[in-house]
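1. Got a predicted structure here, sequence first:
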Amino acid sequence: MIKDALLKIIFIPILGIGLPIVAGIISYDRYSFIELIGANLFFILTSFIIWAGCNWIHIKLRPLHAPVSRMFARIATVCFISALYAACTGGLSSFTWIKMSRESFNWMGVYKFIAVCVAAVIIFTLVYEILFLSKERELDNKIVDQLDKERSQAELQALTNEMDPHFIFNSLNTLNYLLLNNPQQAHLFNNKLAQVYKYFLINKTRELISLRDEMEFIDNYFFLLQIRHDSKLQLHIDLNEESRKAMIPPCAVQVLIENAIKHNEFTDANPLLIKIITNGHYIRVSNNAKPKPYAVSSTGIGLKNLSSRYRIISRKNIEIEKSRENFTVKLPLIR
């Protein structure tokens, strides 16, 4: 928003004194010095009312952004409405002044005052619009630069951390153990691991994927986790069919599951329960919170990266809810 406090201080008095002179509706030789001060204050008040009203019109019409092809139509609309308001206010003010003063009633004086008010308003409106569009373009450029920076960071993070290296290391250790002790389950584990890695490779460059595909991936991913953690990990899914058609960024749910496992301790007696449920235009991914008693080495980049991806793709934000008992992240569904 253009800060116009200084412009008000300078131009409202100038216009309040100058416009009546140009219109010729004050006969200076008929009034005493004190009366002239009163007359000038009257028209300065008129100038303030017109300025404030036009400023209000600009603010109300400002959200009505138009594409470049219709920019002139928008500016013309703002000028027309502001000029109409100025004409009505200026006409009423000049008519009132002539009636209450020693001036001879003269419609030409009223018309001239209306004309100079309209001309001044159109000039200032055009200046305001040019300044506003300049500020708007500057702000848009800053937003684009910031989004490009966040996109680059998100893409870099996605490339350098396609899969948690600890997850791969643990999975290979588990596979090695199963090959020695349970070859049949090792074969199933190997297939699931291949499906998980395939999902990462295929979707790492995509912006969006259906929730249905994401949940199929989560089934495979959680199978691998449960082989290692057994009953210490539990997953509850309650998603309606309509929500499964919606889109989310790839691996969004996986990031939250990984985050829950990384930051909480869990045992057979007190398992980690992860819930994925539909909540209106969101899906809620929550877990019972029991933070590890020691500090976990983490940059927090997972949630930051996920939040950046959502802002870049959909201009929506994820929502995080924390309590002593639960940690919840709400992911917007993109339709």
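-> Yep, that arrived.

2. going forward, measure contacts between C-alpha atoms and count neighbours the same way
-> OK.

3. the strands in this protein, which residues?
-> Under the criterion DSSP state E, strands of the chain are mapped to 209-210, 233-238, 247-248, 272-279, 282-288, 319-322, 326-332.

4. Same question for stretch 269-278: list its buried residues.
-> Counting neighbours by 16 or more other Cα atoms under 10 Å, one finds that the buried residues in stretch 269-278 are 271-278.

5. can those go into JSON lines with extra columns for pLDDT and distance to residue 84?
-> Listed next are the buried residues of stretch 269-278 as JSON lines, based on pLDDT from 0 to 100; distance: Cα to Cα, whole Å:
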{"residue": "271", "pLDDT": "92", "distance to residue 84": "70"}
{"residue": "272", "pLDDT": "92", "distance to residue 84": "67"}
{"residue": "273", "pLDDT": "94", "distance to residue 84": "65"}
{"residue": "274", "pLDDT": "94", "distance to residue 84": "62"}
{"residue": "275", "pLDDT": "94", "distance to residue 84": "59"}
{"residue": "276", "pLDDT": "94", "distance to residue 84": "57"}
{"residue": "277", "pLDDT": "94", "distance to residue 84": "55"}
{"residue": "278", "pLDDT": "89", "distance to residue 84": "52"}
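
6. circling back: and the strands of the chain as TSV, adding distance to residue 182?
-> Shown next, in TSV, are the strands of the chain (distance: least, Cα to Cα, whole Å):
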stretch	distance to residue 182
strand 209-210	35
strand 233-238	21
strand 247-248	37
strand 272-279	26
strand 282-288	31
strand 319-322	41
strand 326-332	36
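
7. Residue 71: which of these is closest?
-> Taking Cα to Cα, strand 326-332 is the member of the strands of the chain nearest to residue 71, at 33.1 Å.

8. Give the buried residues for the closest one.
-> 327-332.

9. Report the angle between it and strand 282-288.
-> Counting by axes from the mean of the first three to the mean of the last three Cα atoms, to 10 degrees, strand 326-332 lies at 160 degrees to strand 282-288.

10. partner strands of strand 326-332, parallel or antiparallel?
-> Strands that pair with strand 326-332, judged by DSSP bridges, come out as strand 282-288 (antiparallel), strand 319-322 (antiparallel).

11. Need the winner for burial among the ones you listed.
-> Of those, the one with the most neighbours on average (mean count of other Cα atoms under 10 Å) is strand 282-288, at a mean of 22.
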